[in-house]
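# Sequence first, predicted model second:
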Amino acid sequence: MDYALMMATYARGAARRLTQQDLLYESLRRAILDGDIVEGTRLAASRALAEELGIARNSVLYAYERLVEEGFVSATRHGSIVNAVAPGGGGAQRMSAAQEIQEPAASRTLARRALELPPRRRTRDGAIALRPGVPALDAFPFVQWRTSLERAMRRLRANDLGYGDSAGHPALREAIAQYVRVSRGVRCQAEQVFVTNGTQASLDLCARLFADHGERVWIENPGYLGARSALLAAGLELVPVPVDAAGMAPRATDWDEAPPRLVYLTPSHQYPLGCVLSLERRLALIEHARACGAWIIEDDYDSELRHDGPPLPSIQGLADDTPVVYLGTFSKTMFPALRIGFMVVPPDVADQVSMAVGTLERQGRVAEQMALAEFIESGRYARHLRRMRKLYEERRDGLVAAIGRHLAGVMTVSADAGGMHLSVRLDAPLRDVDVSTAARSHGLHLSPLSVYCLASPDAVQYNGFLLGYAETPPRIADALMATLARIIRDMRGPAGGGA
């Protein structure tokens with residue numbers, strides 16, 4: 001294997017100049033996906049490869065570790081061995097077969113479905129500790145954001161004060177496309193990006209644009225309540241699919257017995273459990289979705305805020321022709337009041353989606369969209385994310401430590417690689433909804449895990465809480481967990497012992 005030639009070939013087609021470690025990782029990943037490096041191949045030893053390429057050994061180790069973490073490679077005592085990336089064959093076989101499969105038929109009536117969208121629902125929540133989904137607003141870079149807003153206001157012209165492009169401001173669409181290509185491995189151009197009023201608005205659109213009334217949609221169980229609401233409002237049949245440590249886990253027979261039109265999932269940071277969808281399942285989902293003409297709605301929730309390593313690549317970017325609608329939002333990485341999200345649709349349906357959205361959406365807030373585009377392009381957004389990842393990791397660790405001090409034996413923290421919340425199992429003989437109700441009177445927001453389940457047997461299995469930590473410094477987390485320990489101790493009574 002000529003690694004230097006492989007890297008040079010990839011570098012010529014890269015969207016931007018990459019560091020040596022990122023270039024090695026990206027070129028190896030692409031070669032494995034394309035079948036140029038087949039299953040069972042042993043990659044060169046890190047020291048030998050570093051000498052061959054004239055780069056630091058740490059750069060090689062970084063690339064190998066990312067490939068292992070994402071499931072492309074297994075680290076064994078015999079070296080780094082390439083895994084299979086598709087059932088029944090290598091990546092090249094899968095990619096060539098993909099060219100023969102038609103896009104899902106959902107594009108046939110996009111404009112008609114768009115007219116059926118129901119009014120959006122709005123929810124409000126008081127200022128209360130441990131809320132999930134709320135970023136650290138105290139750490140937001142107000143001065144830098146204000147600078148971007150002021151620059152945008154100076155560039156405004158009279159024609160910017162009318163209704164904007166229904167797909168979003170061109171500068172923002174281009175900035176988003178560039179950002180997700182580099183940071184998330186999404187394969188797209190600006191014409192595939194549609195700016196929305198947030199993830200909930202994107203879900204409303206997907207539910208109407210890509211499925212007909214009564215068609216079947218698979219959802220994670222437990223899963224995101226906002227998605228459930230949007231899909232039900234569109235008159236779709238919801239089929240709950242269990243989630244385990246490797247993400248959504250459909251049975252092989254499910255694709256034959258209950259084939260879906262839509263599959264909604266949060267693969268990078270499953271909501272609410274926090275697990276990551278494995279590479280094997282990502283590839284299997286693509287293959288099965290193609291075969292049955294289904295669309296995958298990839299809600300890339302919290303992907304940018306991974307603490308234990310770099311963000312995982314998107315499902316959408318695993319192949320050129322994936323039947324995936326990719327959703328993103330700035331409500332969590334910037335601030336909720338911004339109300340700007342986006343979706344990336346496959347190129348073959350971009351024109352139809354544009355026509356449908358044009359009958360439905362009227363874009364406003366041109367200044368904010370221009371400012372966000374400048375914020376991204378200037379690099380301020382990436383720097384903000386780096387600071388937030390470090391801050392959230394500290395706050396997560398502080399909350400986990402406080403749980404260990406005050407609630408050992410009462411609550412168990414689930415493994416969680418990032419984001420702004422963690423899930424915990426309630427080990428005490430109490431119902432999570434009852435503890436949540438009692439905690440609210442003390443100013444604690446404990447989201448019961450059981451309410452995220454669609455089927456009642458799973459609600460019994462998931463007895464615990466979703467705890468947001470983005471707003472909670474460690475010293476505050478300690479006091480909150482001490483309060484929660486007293487609440488649980490009081491609910492258990494004398495016979496229950498101390499917390």
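Arrived safely. From a predicted model like this one, the values you see are computed outputs, not experimental measurements. Residues are numbered from 1 along each chain as shown.

# domain ranges for the protein?
3-95, 106-127+140-379, 383-496 (automatic domain parsing).

# Kindly reformat those domains as CSV and extend each row with distance to Val134, mean pLDDT and mean neighbour count.
Placement of C-beta: from N, CA and C, glycine included. Below are the domains of the chain laid out as CSV (distance: least, C-beta to C-beta, whole Å; pLDDT from 0 to 100; neighbours: other C-beta atoms under 10 Å):
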stretch, distance to Val134, mean pLDDT, mean neighbour count
domain 3-95, 28, 78, 17
domain 106-127+140-379, 7, 86, 19
domain 383-496, 6, 89, 18
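
# In contact with Gly71: list those residues for me.
The contact partners of Gly71, by C-beta atoms under 8 Å, 6 or more residues apart in numbering, come to 83, 278-280.

# Spell out the secondary structure type for Glu51.
helix (DSSP: H, G, I helix; E, B strand; the rest coil).

# what do you get for Tyr326?
strand.

# Need the domains of the chain in JSON lines (columns: distance to Gly133).
Output for the domains of the chain, formatted as JSON lines (distance: least, C-beta to C-beta, whole Å):
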{"stretch": "domain 3-95", "distance to Gly133": "26"}
{"stretch": "domain 106-127+140-379", "distance to Gly133": "7"}
{"stretch": "domain 383-496", "distance to Gly133": "6"}
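
# Give me the subset of the contacts of Gly71 that lies in helices.
279-280 (DSSP state H).

# now, which of the contacts of Gly71 sits nearest Val349?
Leu279 (26.1 Å; C-beta to C-beta).

# Asp490: which of the contacts of Gly71 is nearest?
For the contacts of Gly71, the nearest to Asp490 is Ser278 (41.4 Å; C-beta to C-beta).

# In CSV: the contacts of Gly71, plus distance to Arg431.
Conversion of the contacts of Gly71 to CSV gives the following (distance: C-beta to C-beta, whole Å):
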residue, distance to Arg431
Asn83, 42
Ser278, 32
Leu279, 37
Glu280, 35
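
# A strand includes Leu238, no?
Yes. Counting by three-state DSSP, Leu238 is part of a strand.

# Look up the residues forming beta bridges with it.
Val217 (DSSP bridges).

# can you pull the contacts of it?
217, 219, 228, 231-232, 454.

# For this structure, which segments are assigned as strands?
73-76, 79-82, 193-196, 216-221, 237-244, 247-248, 262-265, 295-299, 324-329, 341-344, 411-413, 421-426, 447-448, 464-468 (DSSP state E).

# Throw those into a markdown table and include distance to Ile315, thanks.
Formatted as a markdown table, the strands of the chain follow (distance: least, C-beta to C-beta, whole Å):
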| stretch | distance to Ile315 |
| --- | --- |
| strand 73-76 | 19 |
| strand 79-82 | 20 |
| strand 193-196 | 17 |
| strand 216-221 | 14 |
| strand 237-244 | 15 |
| strand 247-248 | 11 |
| strand 262-265 | 8 |
| strand 295-299 | 5 |
| strand 324-329 | 6 |
| strand 341-344 | 12 |
| strand 411-413 | 27 |
| strand 421-426 | 22 |
| strand 447-448 | 26 |
| strand 464-468 | 24 |
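
# Could you measure from the most centrally placed residue in the chain over to Pro242?
With distances taken as C-alpha atoms, centre = their mean, Asp300 lies nearest the centre of the chain, 2.1 Å away. Here Asp300 is placed at a distance of 21 Å from Pro242 (C-beta to C-beta, to the nearest Å).

# coming back round to it: tell me which of the strands of the chain lies nearest to Leu137.
Of those, nearest to Leu137 by C-beta to C-beta is strand 464-468, at 12.3 Å.

# what does the closest one contact?
Counting by C-beta under 8 Å, 6+ apart, 130-134, 272, 399, 411, 414, 420-426, 432, 435-436, 445-449, 452 sit against strand 464-468.

# one step back: is it true that the residue nearest to the centre of the chain touches Ser314?
Yes. With contact defined as C-beta atoms under 8 Å, Asp300 counts as touching Ser314 (6.2 Å).

# Mutual contacts of the two, please.
Joint contacts of Asp300 and Ser314 (C-beta under 8 Å, 6+ apart) are 184, 268, 326.

# State the phi and psi torsions of the second one.
Ser268 adopts backbone torsions of phi -80, psi -30, taken as degrees, to the nearest 10.

# which ones are touching it?
Ser268 touches 276-277, 300-303, 306, 311-312, 314, counting by C-beta under 8 Å, 6+ apart.

# Relative to Val344, how far out is it?
Taking C-beta to C-beta, one finds Ser268 at 15 Å from Val344.

# Roughly how far does Leu61 sit from His78?
17 Å.

# Over to Pro346?
40 Å.

# cool, and Arg30?
From Arg30 to His78 the distance is 24 Å (C-beta to C-beta).

# so Tyr25 touches Val68, yeah?
No. Taking contacts as C-beta under 8 Å, Tyr25 lies outside contact range of Val68: 11.0 Å.

# hey, what's in contact with both of these two?
Common neighbours of Tyr25 and Val68 (C-beta under 8 Å, 6+ apart) do not exist.

# circling back: widest-spaced pair of the contacts of Gly71?
Asn83 and Ser278 (10.7 Å).

# How much space separates the residue nearest to Glu377 when sequence neighbours are not counted from Phe330?
Of all residues not flanking Glu377 in the chain, Ala175 sits nearest, at 5.3 Å (C-beta to C-beta, 6 or more residues apart in numbering). The spacing between Ala175 and Phe330, counted by C-beta to C-beta, is 11 Å.
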